[in-house]
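[1] Just to be clear, the model below is a prediction. Sequence and coordinates:
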Amino acid sequence: MASFKNIVAVLFGLFLLLSLTQSIFRYLNNLEFYNTYKNEYEKTAKKNQELKTQIGKLEDSFEFEKTARDKFNYHLQNEKIIVLVEPTPTSVILTPTKVPNFKLWWGALSGSDPE
């Protein structure tokens, strides 16, 4: 009779242990599922906020006017536009100045260096 009680107690303990491990694994899976959807929700909320900001900018008349002026070169009536162009750097090739002919002749006749 004592061995029967021990067997039942061991089986009951194994049942509890198995139930506990299954519950722990289910909890870990549910926690991972929760964290995944929480991160997705946060990304979506951030994108939603960015889109609301863009909508606000598009509905703003000053932003519309700025866009029209900058991108499409529109201007108000009787308004003068000044376009400033950045100068492009040009490469300068330095050429030595030619020695004048009279110095060449002087050097040739006198036998000295023309410079």
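    Arrived safely.
[2] Contacts for the helix or strand bottoming out on mean pLDDT in the chain, please.
    Least confident helix or strand of the chain, by mean pLDDT, DSSP states H and E, is helix 61-72 with a mean of 79. Contact with helix 61-72 is made by 57-58, 74-75, as judged by C-beta atoms under 8 Å, 6 or more residues apart in numbering. To be clear about C-beta, it is placed using only N, CA and C from the backbone, and glycine gets the same treatment.
[3] Kindly recompute the last result at 7 Å.
    Here helix 61-72 makes contact (C-beta atoms under 7 Å, 6 or more residues apart in numbering) with 57, 74-75.
[4] which among those gets closest to Lys47?
    Nearest to Lys47 out of the contacts of helix 61-72 is Lys57 (C-beta to C-beta; 15.6 Å).
[5] How about that closest one: what's its closest non-neighbour residue?
    The shortest distance from Lys57 to any residue other than its chain neighbours is 4.8 Å, reached at Glu63 (C-beta to C-beta, 6 or more residues apart in numbering).
[6] Run a quick neighbour tally on the one you found.
    Other residues near Glu63 number 12, with proximity taken as other C-beta atoms under 10 Å.
[7] same check, this time on Thr67
    By the criterion of other C-beta under 10 Å, Thr67 has 14 neighbours.
[8] now the one 3 residues further on
    The local packing of Asp70 (other C-beta under 10 Å) involves 9 other residues.
[9] when you give positions from now on, start the count at 45
    With the count now opening at 45, the last piece we talked about shows up as Asp114.
[10] which stretches of this structure aren't confidently modelled?
    158-159 (pLDDT under 70).
[11] what about Leu138, which SS state?
    Put simply, Leu138 is coil when judged by DSSP: H, G, I helix; E, B strand; the rest coil.
[12] re the thing from before, sort out which one of the contacts of helix 105-116 lies nearest Glu76 for me.
    Checking the contacts of helix 105-116 against Glu76 by C-beta to C-beta gives Lys101 as the nearest, at 38.2 Å.
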